Every structure is written in structure tokens, then in C-alpha cells.
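Trainee: Prediction below, plus the sequence it came from.
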Amino acid sequence: MLATLGGLSRLAAQQKPYTVEDLKRLAQDGVPEKRLLDLVKQRGIEFTTTPEVLEELRRSGVPLSVLGEIRELTPPYRPYTLKQTLSAHQGEVRSVAFSPDGRLLASGSKDETIKLWDVASGALKQTLTGHEGVVFSVAFSPDGRLLASGGGGRTIKLWDVASGALKQTVRVWQILVSSIAFSPDGRHQASGGWDNTIKLWNVATAEFKQELSGHQEQVSSIAFSPDGRLLASGSHDNTIKLWDVASGKLKQTLSGHQEWVTSIAFSPDGRLLASGSWDDTIKLWDVASGALKQTLSGHQNSVESIAFSPDGRLLAAGSLDQTIKLWEVASGTLKQTLTGHRGFVYSVAFTPDGRFLASSSDDDTVKLWRRVED
């Protein structure tokens with residue numbers, strides 16, 4: 001009991017919302033149900049109440065009354081509304097990405113340029129030129145200092161964000177670079193392309209590290225897990241593959257889509273992997289087991305891009321049906337459909353704080369959507 005009281009005292013002094021580990025520890029220490037319920041009501045929680053998390057808490061001994069209160073503490077959905085349309089590209093916009101601080105938005109286009117926009121004002125900050133072909137993918141480094149871009153021309157370019165200067169051009173032997181991603185520590189960069197492979201590079205030296213082979217068709221999307229240990233790849237062979245980054249070994253292949261896999265994304269906690277496909281669906285997979293958790297249906301055409309909100313509660317999807325749909329991850333419920341683009345929606349991205357959502361289209365525009373605040 002003394003240990004329990006000591007732990008309880010420390011948590012009370014912190015005055016912070018509870019984590020999953022906090023609640024598991026308190027339940028395992030035998031804190032009375034009524035006391036635990038009062039503490040949750042007072043402090044709140046700082047995690048996403050997915051079915052998996054609730055089951056984990058139940059198995060750890062958290063009472064049903066407390067689990068019910070946790071469900072009630074999930075914040076109500078706050079819809080997104082159009083803030084601004086950014087028009088400067090002279091061709092379809094294939095990719096968007098926010099800087100880690102959320103102040104800049106990068107967009108890559110068929111007009112062979114990358115544009116950097118000020119998120120607060122919507123002003124165009126600079127235009128980066130040098131690609132020979134469509135820019136299919138853009139990605140900021142974790143520290144926000146570099147921007148990578150890839151597409152036609154068999155090159156990946158690294159730009160200095162502050163100055164707009166070209167820092168490095170990496171010649172690749174992929175016919176076309178369809179997707180690029182930085183590792184969470186910023187040391188490595190991966191590219192997926194039309195030669196059916198994923199290639200990894202050292203960012204500082206541009207040294208080629210390894211090639212991951214196994215897909216039977218072109219690789220359309222890649223993503224690092226939040227801890228950097230896994231790399232996921234989606235392909236036109238209708239599969240998703242999970243690779244061990246350190247060894248380069250294939251860990252598992254996820255099958256279930258009936259058409260091309262066009263986009264993949266890890267949830268912020270790394271437990272889920274989402275995949276969008278030309279079969280008009282989004283699938284959610286358990287990363288640890290590879291099991292299919294649920295299938296989200298609602299789009300009337302191919303899903304081109306998906307993105308988790310920073311808190312992991314929402315999943316945004318852009319589609320060739322010209323809409324963006326927002327789904328609640330825990331329940332699989334469709335919360336909102338955003339309309340306004342006059343063409344295919346190719347890319348979606350959230351700001352790190354979740355206040356803004358960007359979408360790009362073959363109507364040559366980028367739209368900024370703002371979350372309605374209380």
C-alpha cells in the first residue's frame with residue numbers, strides 16, 4: 001500500500017493527463033476503482049482511445065467503469081473548413097508536405113517545380129527549379145533544414161530550405177522516383193521507384209546503402225515507422241511489404257487489396273499501418289501481427305493518398321473522385337467529406353499540430369483546410 005500511495009502521490013504532483021502506462025501501473029498497484037475513476041476524471045488522458053488500447057488496459061486490470069470514462073474523454077470531432085486555395089503551379093500538383101514546425105508547405109508539380117508556401121499567410125515564398133520531369137514526391141528532413149524531391153529525370157534533389165539552394169543531386173537508376181522518405185533520425189533517405197525496388201541512401205554523403213527487392217511491380221509509396229526500425233512499401237503488385245531497416249530483410253508481406261497500392265502511412269504510435277488503393281478502399285493493418293484490422297469504404301474512385309492526423313485519431317484520404325474523406329480511426333466512422341477540387345486529389349498532409357490539412361490536385365491547385373476550433 002505504501003508503494004501505491006507513493007506512486008499515486010507522484011502522479012498527483014505532476015498534474016498531467018494520464019498515459020496508458022500510468023493507468024496500467026495504477027491498476028496493477030491495486031488503486032481502488034472509485035479512486036482511479038476520480039483521478040481519470042480530474043486529469044484526463046493523453047492517448048488515442050483505439051479498441052487495441054482499451055483492450056490492453058482491460059487486460060491490465062483497469063475496471064470497466066474507468067474504461068467507459070476514458071471513452072467519454074475522447075474529444076468531439078472538430079470539422080475542417082477551406083481556408084485558402086494556393087494557385088501558382090502551371091500543372092497538376094502531385095505531392096504536398098509540411099515542414100516539421102508547420103510553418104512551410106512544399107508542393108511538387110508536373111510543371112517540374114517545387115514551391116514553398118507560408119502556411120499562415122498562403123504567400124508563395126520561393127520556387128525551386130531543376131527537375132526534368134514531374135515532381136512526384138517531396139519530403140522535409142526531420143530537422144526541417146532540408147527538402148528532398150524526386151520524380152522524373154532519375155534524380156533525387158536535396159535543397160537547403162532557408163536559402164532555396166540546391167545542395168545535392170543523387171543519380172538513381174530507378175526509371176522514375178515515385179516516393180521518397182527520410183528516416184526519423186534524418187540520417188538516411190529511401191526512394192521507391194518504377195524499377196520495383198526501394199533504395200536507401202546516406203543523406204550526408206549521398207552514399208548508396210542498400211537495395212530492397214521483392215516487389216513484382218513498381219513501388220508507389222514508402223514510409224518509415226516512427227521508431228525507424230521498419231520501412232513499409234506499397235506497390236502496383238497489390239501488396240505492402242514490411243522491411244527491417246537494419247538488416248534489409250523482408251519481415252512480412254500484407255495482401256488483401258484487389259488493385260494497386262498507391263499510398264501507405266504509419267500511425268503516430270507505430271501500431272497501425274494504413275494503405276490506400278485503386279480498389280477504392282483503405283485498409284488498416286496491425287503492424288506487429290500483420291493482421292487486417294478493418295477496411296474503410298466510401299470513395300467512389302481510387303484512393304491516391306492517405307495521412308494520419310498527429311494524434312492518430314483521424315485518417316485523411318485523397319481520391320480520384322475529387323474529394324478528401326476524414327475517418328475516425330478507432331471506429332472506422334466517416335466523419336467528413338471535403339469537396340472543392342475540380343480534379344483528382346493526389347496528395348494530402350496534416351500540419352504537425354493537426355490544425356491544417358493540405359490537399360493537392362490535377363486542377364493545378366493546393367487547398368489549405370483549417371480545423372474549426374472551439
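Mentor: Thanks, I have the structure now. Numbering: from 1, shown residues only.

Trainee: CA atoms for contacts and neighbours, from now on please.
Mentor: Will do.

Trainee: mind listing the strands in the stretch 1-150 of the chain by residue range?
Mentor: 80-87, 93-98, 104-109, 113-118, 124-129, 135-140, 146-151 (DSSP state E, counting those that start in this stretch).

Trainee: Nearest to His341, out of these?
Mentor: Nearest of these to His341, taken as Cα to Cα: strand 80-87 at 9.5 Å.

Trainee: how far off strand 124-129 does the closest one point, in degrees?
Mentor: Put simply, strand 80-87 runs at 60 degrees to strand 124-129, going by axes from the mean of the first three to the mean of the last three Cα atoms, to 10 degrees.

Trainee: Give the pairing partners of strand 80-87; include direction for each.
Mentor: Here strand 80-87 is paired, per DSSP bridges, with strand 365-371 (antiparallel).

Trainee: Dump the C-alpha coordinates for the partner strand into CSV.
Mentor: What follows is strand 365-371, C-alpha atoms only, in CSV (Å, rounded to 0.1, in the frame of the first residue of the first chain):
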residue,chain,number,x,y,z
THR,A,365,-4.0,23.9,-57.0
VAL,A,366,-3.2,23.3,-53.4
LYS,A,367,-6.0,23.8,-50.9
LEU,A,368,-5.5,24.5,-47.2
TRP,A,369,-8.2,23.3,-44.9
ARG,A,370,-8.4,24.7,-41.3
ARG,A,371,-9.7,22.8,-38.3
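
Trainee: Any stretches of the chain with poor pLDDT?
Mentor: Applying pLDDT under 70 to the chain picks out residues 1-15, 48, 174, 374.

Trainee: ranges for the helices of it?
Mentor: Using DSSP state H, the helices of the chain run over 2-14, 20-28, 33-43, 51-59, 64-73.

Trainee: Format the ones you listed as JSON lines; extra columns: distance to Leu296 and mean neighbour count.
Mentor: Shown next, in JSON lines, are those (distance: least, Cα to Cα, whole Å; neighbours: other Cα atoms under 10 Å):
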{"stretch": "helix 2-14", "distance to Leu296": "39", "mean neighbour count": "12"}
{"stretch": "helix 20-28", "distance to Leu296": "27", "mean neighbour count": "17"}
{"stretch": "helix 33-43", "distance to Leu296": "32", "mean neighbour count": "15"}
{"stretch": "helix 51-59", "distance to Leu296": "16", "mean neighbour count": "15"}
{"stretch": "helix 64-73", "distance to Leu296": "22", "mean neighbour count": "15"}
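
Trainee: How about Ala120, nearest residue that isn't a chain neighbour?
Mentor: Arg103 (7.0 Å; Cα to Cα, 6 or more residues apart in numbering).

Trainee: Double-check that neighbour against Gly122; I have them as touching.
Mentor: No: contact criterion Cα atoms under 8 Å: Arg103 and Gly122 do not qualify, at 10.2 Å.

Trainee: which of these two has more neighbours?
Mentor: Taking neighbours as other Cα atoms under 10 Å, Arg103 and Gly122 compare with Gly122 leading, 18 against 14.

Trainee: which residues does Ser213 bridge with?
Mentor: On the basis of DSSP bridges, Ser213 is bridged to Thr197.

Trainee: right, and it touches Gly193 too?
Mentor: No: using Cα under 8 Å, Ser213 is not in contact with Gly193; the gap is 11.2 Å.

Trainee: Adding distance to Gly248 and mean neighbour count, write the strands of the stretch 1-150 of the chain out as TSV.
Mentor: Shown next, in TSV, are the strands of the stretch 1-150 of the chain (distance: least, Cα to Cα, whole Å; neighbours: other Cα under 10 Å):
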stretch	distance to Gly248	mean neighbour count
strand 80-87	40	16
strand 93-98	27	28
strand 104-109	29	27
strand 113-118	31	21
strand 124-129	33	15
strand 135-140	22	27
strand 146-151	22	26
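
Trainee: now these in a markdown table, with distance to Arg229?
Mentor: Formatted as a markdown table, the strands of the stretch 1-150 of the chain follow (distance: least, Cα to Cα, whole Å):
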| stretch | distance to Arg229 |
| --- | --- |
| strand 80-87 | 33 |
| strand 93-98 | 22 |
| strand 104-109 | 26 |
| strand 113-118 | 30 |
| strand 124-129 | 32 |
| strand 135-140 | 19 |
| strand 146-151 | 21 |
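
Trainee: out of those, which comes closest to Lys241?
Mentor: Nearest to Lys241, of all those, is strand 135-140, at 19.7 Å by Cα to Cα.

Trainee: Report the distance from the closest one to the chain centre.
Mentor: 14 Å (Cα atoms, centre = their mean, to the nearest Å).

Trainee: and it, what does it pack onto?
Mentor: strand 93-98, strand 104-109, strand 146-151, strand 177-182 (3 or more Cα pairs under 8 Å, 6 or more residues apart in numbering; DSSP states H and E).
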